[in-house]
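Trainee: prediction below, plus the sequence it came from.
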Protein chains: 2
Amino acid sequence: MKFDIPKTPAVQVMGKSFRLAHVDPDDITPFVHSPDDKDEASPRLLQLRERLSQLQELLYAEQERDVLLIFQAMDTGGKDGAIKNLLTGVNPAGVRVTSFKAPSTGELSQDFLWRIHAQIPKRGHIGVFNRSHYEDVLITRVHGLIDEKTWKRRYEDINNFEELLTHNGTVVLKFFLHISKKEQADRLQARLDDPTKHWKFDPDDLKERKLWKAYQKAYEDAIRNCSPAHAPWFVVPADQKWARDLAITEIVVAALEAMNPQPPKADFDPKKIVIE
Amino acid sequence: MKFDIPKTPAVQVMGKSFRLAHVDPDDITPFVHSPDDKDEASPRLLQLRERLSQLQELLYAEQERDVLLIFQAMDTGGKDGAIKNLLTGVNPAGVRVTSFKAPSTGELSQDFLWRIHAQIPKRGHIGVFNRSHYEDVLITRVHGLIDEKTWKRRYEDINNFEELLTHNGTVVLKFFLHISKKEQADRLQARLDDPTKHWKFDPDDLKERKLWKAYQKAYEDAIRNCSPAHAPWFVVPADQKWARDLAITEIVVAALEAMNPQPPKADFDPKKIVIE
């Protein structure tokens, strides 16, 4: 779907020349941010949220199309926080968040898109994936579970799958929350320092952290090979949470505005109806 | 699950002597409500919402149990509004709302609990059903699609099914939003009077309205036959939306407080971990 991309620090990936290293995770241009602003409640964010809530209701009333938002990031990249922030105020009956974990034995005995396909949004809904089929060309590649031939074939499978969804009226938007290695260290340390956050800390995350470069390469490759116009990737600078959240909300609202959902016309004459 | 039921206008159904007609849909006792209060943002409701958000995070962290909230009501009874109100501020990644429509041909070729079972909440989640398996002893009965022998057998099936869920760590709470026939007329008329609400109006609702008495009887029967202590029904006076929403939120928070979810203890020593 074509829509006017609002000005945010996020970068829309256009083709195979894209380089992840060219995006600064700390970039907040063109946003301005005064130190007095409350990060989570800037006037612009509140305005966007209210509009998102209205647009979601219209999308639900229309019952013709739906939206799929895919979130990927390195550990601590802020997927949970970004999703919570984006959906604040949206009717929970119209959204569905699916978190994909390591596939089960049963899921592994199917093709890698099988369990994904089962979770795509229904008509009128906003579906949100916290991790997705992209893990199948990321963690699997970094850990040497698949070879180059396989991940390249999977790019093709992914592009075809996302095309099927768009053919059927789903608008697909993909967000990579881009943090720096230094920021990840700070966030992991913060989880260790706060006993109420210990449950969020997994010592295995440190092993993944050692593979940082390989992950960045795998992300860059996946992102630039799976960025057709109908299912764009946005690389969102995510070291600063407020800018990350504002950028995502701007983009989602702009996409929904362009969809311009309309409730169906009544097929009855309200004046002729008598309620007894 | 046993918990101290907070004082609200809602009535917990205890056994087969329950009579729906004895509950006044307009009752707001023991709540007090001054005309100055903003219906949707009373201090108590805001306090409960914040606590619900915390408890949901703890439930999610614990990953041991989950909660299933079932909402039933006559048309316009306020299921959508009550669910939206209850979940405002709760992390959308930890809740899942499922709206059950008329079953598909494929679903009808299975037992009536098959499609329900597929949607029960995962560990750590709050699942919300907008309509449920109770429709299979309500609309089907009122329209003569099943006979008395069948609906009585289904009460048994429902009780067994909900017991299975509770055996597995699911806390089941059921809410019937109880409105008066007069209130329904007002709400239907309001949908007719407002062109932006026409899409919510279905002329078939008027046919159902003519069956009001049969529905009240079917509800009363289902509710009193399926109210074991482990999966209670609450009949919530729902003519006044603010009281309905406050009552439901009070009850859900009290149940979660009694569950007292605890995050798992860290199985690592935070002091010994160095982030490189």
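Mentor: Structure received.

Trainee: tell me, how many residues neighbour the nearest residue to residue A:76 once chain neighbours are set aside?
Mentor: Excluding the flanking residues, the one nearest residue A:76 by Cβ to Cβ, 6 or more residues apart in numbering or on different chains is residue A:187, at 3.9 Å. For the C-beta atoms, the positions are set from N, CA and C on the backbone; glycine is no exception. Neighbour count for residue A:187, taken as other Cβ atoms under 10 Å in any protein chain shown: 18.

Trainee: what ranges do the strands span in the stretch 51-200 of chain A?
Mentor: A:66-73, A:95-99, A:126-130, A:170-178 (DSSP state E, counting those that start in this stretch).

Trainee: make TSV out of these and add mean pLDDT.
Mentor: Output for the strands of the stretch 51-200 of chain A, formatted as TSV (pLDDT from 0 to 100):
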stretch	mean pLDDT
strand A:66-73	98
strand A:95-99	96
strand A:126-130	98
strand A:170-178	98
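
Trainee: of all the ones you listed, which one is nearest chain B?
Mentor: strand A:95-99 (4.3 Å; Cβ to the nearest Cβ).

Trainee: and the closest one, which strands flank it?
Mentor: Here strand A:95-99 has these sheet partners by DSSP bridges: strand A:126-130 (parallel).

Trainee: would you map the helices across the stretch 51-200 of chain A?
Mentor: Taking DSSP state H, counting those that start in this stretch as the criterion, the stretch 51-200 of chain A contains helices spanning A:79-87, A:105-108, A:114-117, A:139-142, A:148-167, A:181-193.

Trainee: and the last one, what's buried?
Mentor: Think helix A:181-193. For helix A:181-193, burial by neighbour count (16 or more other Cβ atoms under 10 Å in any protein chain shown) applies to A:183-184, A:187-188, A:191-192.

Trainee: what's the burial count for residue A:57?
Mentor: 18.

Trainee: repeat that for residue A:75.
Mentor: A count of neighbours around residue A:75, defined by other Cβ under 10 Å, yields 18.

Trainee: how close does it sit to chain B?
Mentor: 11 Å (Cβ to the nearest Cβ, to the nearest Å).

Trainee: for that residue, which non-adjacent residue is spatially closest?
Mentor: Excluding the flanking residues, the one nearest residue A:75 by Cβ to Cβ, 6+ apart is residue A:205, at 4.6 Å.

Trainee: and that neighbour, that one's in a helix?
Mentor: Yes - assessed by DSSP: H, G, I helix; E, B strand; the rest coil, residue A:205 belongs to a helix.

Trainee: that older thread, adding distance to residue B:254 and mean pLDDT, write the helices of the stretch 51-200 of chain A out as a markdown table.
Mentor: Listed next are the helices of the stretch 51-200 of chain A as a markdown table, based on distance: least, Cβ to Cβ, whole Å; pLDDT from 0 to 100:
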| stretch | distance to residue B:254 | mean pLDDT |
| --- | --- | --- |
| helix A:79-87 | 24 | 96 |
| helix A:105-108 | 38 | 95 |
| helix A:114-117 | 36 | 98 |
| helix A:139-142 | 42 | 96 |
| helix A:148-167 | 42 | 98 |
| helix A:181-193 | 31 | 97 |
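
Trainee: so which of these is nearest residue B:124?
Mentor: Nearest to residue B:124 among the helices of the stretch 51-200 of chain A is helix A:79-87 (13.0 Å), distances taken as Cβ to Cβ.

Trainee: any bit of the closest one sitting next to chain B?
Mentor: Yes - using Cβ under 8 Å from any Cβ of the partner chain, helix A:79-87 comes into contact with chain B via A:80, A:83-84, A:87.

Trainee: quick one: which of the residues you listed is nearest to residue A:254?
Mentor: For these, the nearest to residue A:254 is residue A:87 (16.7 Å; Cβ to Cβ).

Trainee: re the thing from before, and among the helices of the stretch 51-200 of chain A, the most buried is which?
Mentor: helix A:79-87 (a mean of 22; mean count of other Cβ atoms under 10 Å in any protein chain shown).

Trainee: between that helix and strand A:95-99, how big is the angle?
Mentor: Orientation check (axes from the mean of the first three to the mean of the last three Cα atoms, to 10 degrees): helix A:79-87 against strand A:95-99 gives 180 degrees.

Trainee: name the helices or strands packed onto helix A:79-87?
Mentor: Packing partners of helix A:79-87 (3 or more Cβ pairs under 8 Å, 6 or more residues apart in numbering or on different chains; DSSP states H and E): strand A:66-73, strand A:95-99, strand A:126-130, strand A:170-178, helix A:241-259.

Trainee: of the ones you listed, which is nearest residue B:92?
Mentor: Going by Cβ to Cβ, the one of the helices and strands packed on helix A:79-87 nearest residue B:92 is strand A:95-99, 5.3 Å.

Trainee: who's in contact with that closest one?
Mentor: A:56, A:83, A:87, A:119, A:121-122, A:125-131, B:92-93, B:96-97 (Cβ atoms under 8 Å, 6 or more residues apart in numbering or on different chains).

Trainee: now list the buried members of the residues you listed.
Mentor: A:56, A:83, A:87, A:121, A:125-131, B:92-93, B:96-97.

Trainee: can you tell me the element residue A:268 falls in?
Mentor: In the assignment (DSSP states H and E), residue A:268 maps to no helix and no strand.

Trainee: figure out the helix or strand that residue A:29 lives in.
Mentor: Using DSSP H and E, residue A:29 falls outside every helix and strand.

Trainee: now residue A:235
Mentor: strand A:233-237.

Trainee: which residues touch residue A:146?
Mentor: Counted by Cβ under 8 Å, 6+ apart, residue A:146 has contacts A:136-137, A:140, A:154.

Trainee: with respect to residue B:261, which of those residues is nearest?
Mentor: Of the contacts of residue A:146, the one sitting nearest to residue B:261 (Cβ to Cβ) turns out to be residue A:136, at 32.6 Å.

Trainee: chain B contacts on the stretch 151-276 of chain A?
Mentor: A:185, A:188-189, A:192-193, A:195-196, A:198-201, A:203, A:206, A:209-210, A:263-266, A:268, A:270, A:273, A:275-276.

Trainee: restricted to buried residues, select the residues you listed in ChimeraX.
Mentor: The buried residues among these can be selected in ChimeraX (16+ other Cβ under 10 Å) with this line:
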select /A:188,192,198,199,200,201,209,263
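
Trainee: related to what we said a few turns ago, what's the farthest-apart pair in the contacts of residue A:146?
Mentor: Pairwise over the contacts of residue A:146, using Cβ to Cβ, the maximum falls at A:140 and A:154, 8.8 Å.

Trainee: what's the burial count for the residue lying closest to residue A:18 once chain neighbours are set aside?
Mentor: Setting aside the residues directly before and after it, residue A:18 is nearest to residue A:224 in space (Cβ to Cβ, 6+ apart), at 4.3 Å. Neighbours of residue A:224 under the rule other Cβ under 10 Å: 18.

Trainee: please report how far the residue nearest to residue A:101 when sequence neighbours are not counted lies from residue A:116.
Mentor: Excluding its sequence neighbours, the residue lying closest to residue A:101 (Cβ to Cβ, 6+ apart) is residue A:131, at 7.7 Å. Residue A:131 sits 10 Å away from residue A:116 when distances are taken as Cβ to Cβ, to the nearest Å.

Trainee: so where's chain A shaky on pLDDT?
Mentor: A:34-41 (pLDDT under 70).

Trainee: 80 instead?
Mentor: Low-confidence segments of chain A, defined by pLDDT under 80: A:1, A:32-41.
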